[in-house]
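In: this one's structure only:
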């Protein structure tokens, strides 16, 4: 058995060999700390910008590491030790390092430390500041990635310096510039870097008479064009009830659009400029004919941009059967169309709770009857042949079929199941049919007539031409003024005089329009209104109850009537021609209906409904400006 002394000698030899490996210039100080089986990747080495060398001006040195999340530690001096995190003399890098002062010479050593990686190898660079040397060139714009083509200017702060440079791909960088060498160029004008995907390294040196050449500096440039905005379709893809023209556009200025088109069941290939089947977009794409079903694919191309993504939309044309053609004069045999002229004045507009305000109402006209289904159908038929479209086609009274020709039995019942927007469009059509100026538009300049009920949501107070001579809805104030007006008739006990001692009398707000007593008096209410107690669960022909003092029928009962106003609380100050607030959620309704109580048909009662709703107990009455 060998002696313990021999074993100690053998162990010392092994340690000595290990020490020799540590001191080897090709060794890694961390290899001895890692077990032989480690698979951790090493952090990338620290990079220095600018590179080490002699500089004619003071500089700042930026340290960076390609390994994301790495922390950099460094030492600096004439001959500094290798950096060791946590050791005296080793600094954590947090800001560029200033190297300044004529004659200064320093060496910077650095390592990168990152969780999940072995420490990087030590890298180093030495710098000398020699104010008798030539200042290194600077780059404008600086190195980086740019969305457009650029021109790079090189300059040196040393007066009279000449700059030389070399260029090459980032992946295969050029050699350092050497004046007089074939691949070294003298800088005389900005260097153009152009074309999407260009990746270029420029190296430069400055030379001046009587000075040492500058250090070589370099900058990497990448040109990465933005992607052009993908084309959009107007109208959007989907099912359309009429022939359409599809407009393609891109938000990228100057973009050219290319497209392909084919059947939905056999969609076209993606568009490729200059390929067969790909068309350049120059005008709206016409899609015509019931049953048309196509897919359109489009791309946008613009200078200084990558090609856009492919936009795709499918379109089907499904044209509903047209209504039966109207007679040559659609209104020739239509009854119940006249309007009553109402002289303006001041009254106290009031609801059933006593809330109200003094309202000065200008003269106007109001339909003597609610709009019948016969009148609705005649105008609608003309409208649909003249560019108008409706969301709801209207119902004959409360029990008729939607959209069918009027029956003999119920054609004089009011139209129902029409939305606020259907009514605005119908009133415009009625105006044009009568060769009057429409009232409702979708723009403030009053040039785009509201002809599409689906698009009539764009109608607002500022788009209404209140001075036009066409037909419109009444405001709440106009309707209540006409519903409660009695003139000089004070024959019924309880009527109101306003203003005081004026000789002008008004139906109280809790009476039906034209009634002789409150809604609680069934006989008085039944005489002038169809409502829940007497209508028999259905609408009735217009004009069968007694008219009010202006000769207007059914102001209370039969069907609710759409008003122009958004439904809201009353103002608390006197008003002139008040038209309600500028916006809201529901439109006002007045008059009650065949399906509502006696209180609901009171002249001061206020209802409401969403403007898109089409209800079997709601219709409307025509109004217009005074003639």
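Out: Great, that's in hand. Predicted model only: the values in this text are computed from it and were never measured. Numbers count the residues shown, from 1 in each chain.
In: distance check, residue 251 against residue 274.
Out: As judged by Cβ to Cβ, to the nearest Å, residue 251 and residue 274 stand 24 Å apart. Using the backbone N, CA and C atoms, a C-beta is placed for each residue, glycine as well.
In: can you check residue 376 too?
Out: From residue 376 to residue 274 the distance is 56 Å (Cβ to Cβ).
In: more crowded one of these two?
Out: Higher neighbour count among residue 376 and residue 274: residue 376, with 27 against 7, using other Cβ atoms under 10 Å.
In: which other helices and strands does whichever strand or helix holds that one contact?
Out: Using DSSP states H and E, residue 376 falls within helix 373-384. Secondary-structure packing of helix 373-384 (3 or more Cβ pairs under 8 Å, 6 or more residues apart in numbering; DSSP states H and E): strand 415-416, helix 420-433.
In: and residue 402, bridged to which residues?
Out: residue 395 (DSSP bridges).
In: residues touching it, list them.
Out: 392-395, 417 (Cβ atoms under 8 Å, 6 or more residues apart in numbering).
In: returning to that earlier point: what is the orientation angle of the helix holding residue 376 with helix 420-433?
Out: 80 degrees (axes from the mean of the first three to the mean of the last three Cα atoms, to 10 degrees).
In: ok, and what's touching helix 373-384?
Out: Under the contact criterion Cβ under 8 Å, 6+ apart, helix 373-384 has outside partners 322-326, 330-331, 334-337, 388, 390, 393-397, 400, 405-406, 410-415, 418, 425-426, 429-430, 433, 451.
In: can you do 6 Å?
Out: In this structure, residues lying in contact with helix 373-384 by Cβ atoms under 6 Å, 6 or more residues apart in numbering are 323, 326, 330-331, 334, 394, 396, 406, 411, 415, 429-430, 433.
In: out of the residues you listed, who's the most crowded?
Out: Among the contacts of helix 373-384, the one with the most neighbours (other Cβ under 10 Å) is residue 415, at 30 neighbours.
In: pretty sure that residue is touching residue 618, no?
Out: No. With contacts defined as Cβ atoms under 6 Å, residue 415 does not count as touching residue 618, sitting 9.6 Å away.
In: low-scoring stretches of this protein, by residue?
Out: Applying pLDDT under 70 to the chain flags the ranges 1-38, 324-327.
In: where along it do the helices fall?
Out: 4-23, 373-384, 420-433, 476-484, 522-526 (DSSP state H).
In: how about the strands in the stretch 451-600 of the chain?
Out: Along the stretch 451-600 of the chain, counting by DSSP state E, counting those that start in this stretch, strands occupy 485-487, 496-497, 505-506, 560-566, 575-576, 587-590.
In: and the fourth one, how far out from the chain's middle?
Out: For strand 560-566, the distance from its own C-alpha centre to the chain's C-alpha centre is 31 Å (Cα atoms, centre = their mean, to the nearest Å).
In: got a list of contacts for it?
Out: Outside strand 560-566, the residues that touch it by Cβ under 6 Å, 6+ apart are 420, 423, 473, 475-476, 580-581, 584, 588-591, 593, 607, 617-618, 620-621.
In: how about the fifth one?
Out: Contacting residues not belonging to strand 575-576 are listed as 359-360 [Cβ under 6 Å, 6+ apart].
In: tell me the strands beside it, with direction?
Out: strand 356-361 (parallel).
In: just name the most buried of the helices and strands packed on helix 373-384.
Out: strand 415-416 (a mean of 30; mean count of other Cβ atoms under 10 Å).
In: and that strand, how far out from the chain's middle?
Out: In terms of Cα atoms, centre = their mean, the centre of strand 415-416 is set 37 Å apart from its chain centre.
In: so what strands line up beside it?
Out: Counting by DSSP bridges, strand 415-416 is paired with strand 395-396 (antiparallel).
In: chain center to the partner strand: distance?
Out: Remark: strand 395-396 is offset 39 Å from the chain centroid, using Cα atoms, centre = their mean.
In: what do you get for stretch 333-348?
Out: Taking the mean of its C-alpha atoms, stretch 333-348 sits 44 Å from the chain's own mean (Cα atoms, centre = their mean).
In: quick one, what contacts residue 131?
Out: Residues near residue 131 by Cβ under 6 Å, 6+ apart: residue 102.
In: please shift the residue numbers so they start at 190 in all later answers.
Out: Okay, residue one is now 190; in that scheme the one you just asked about reads as residue 320.
In: now it: phi and psi?
Out: Dihedral angles phi and psi of residue 320 (degrees, to the nearest 10) take the values phi -70, psi -10.
In: ok, now which ones touch residue 336?
Out: residue 415.
In: likewise residue 461?
Out: For residue 461, the contacting residues are residue 467, by Cβ under 6 Å, 6+ apart.
In: likewise for residue 367?
Out: Neighbours of residue 367 in contact, by Cβ under 6 Å, 6+ apart: residue 373.
In: same deal with residue 600?
Out: Contacts here follow Cβ under 6 Å, 6+ apart; on that basis residue 600 touches 562-563.
In: if we go to 8 Å?
Out: Contacts of residue 600 by Cβ under 8 Å, 6+ apart are 561-563, 585.
In: swap in residue 457?
Out: Residue 457 makes contacts with 449-451, 466, 484-486, as judged by Cβ under 8 Å, 6+ apart.
In: same deal with residue 746?
Out: Residues in contact with residue 746 (Cβ under 8 Å, 6+ apart) are 701, 717-720, 724, 734, 780-783, 790.
In: repeat that for 7 Å
Out: By Cβ atoms under 7 Å, 6 or more residues apart in numbering, the residues touching residue 746 are 718-720, 780-783, 790.
In: now these in CSV, with neighbour count and distance to residue 459?
Out: Compiled in CSV, the contacts of residue 746 are given as follows (neighbours: other Cβ atoms under 10 Å; distance: Cβ to Cβ, whole Å):
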residue, neighbour count, distance to residue 459
718, 30, 66
719, 26, 64
720, 27, 64
780, 30, 59
781, 31, 61
782, 30, 57
783, 27, 60
790, 30, 64
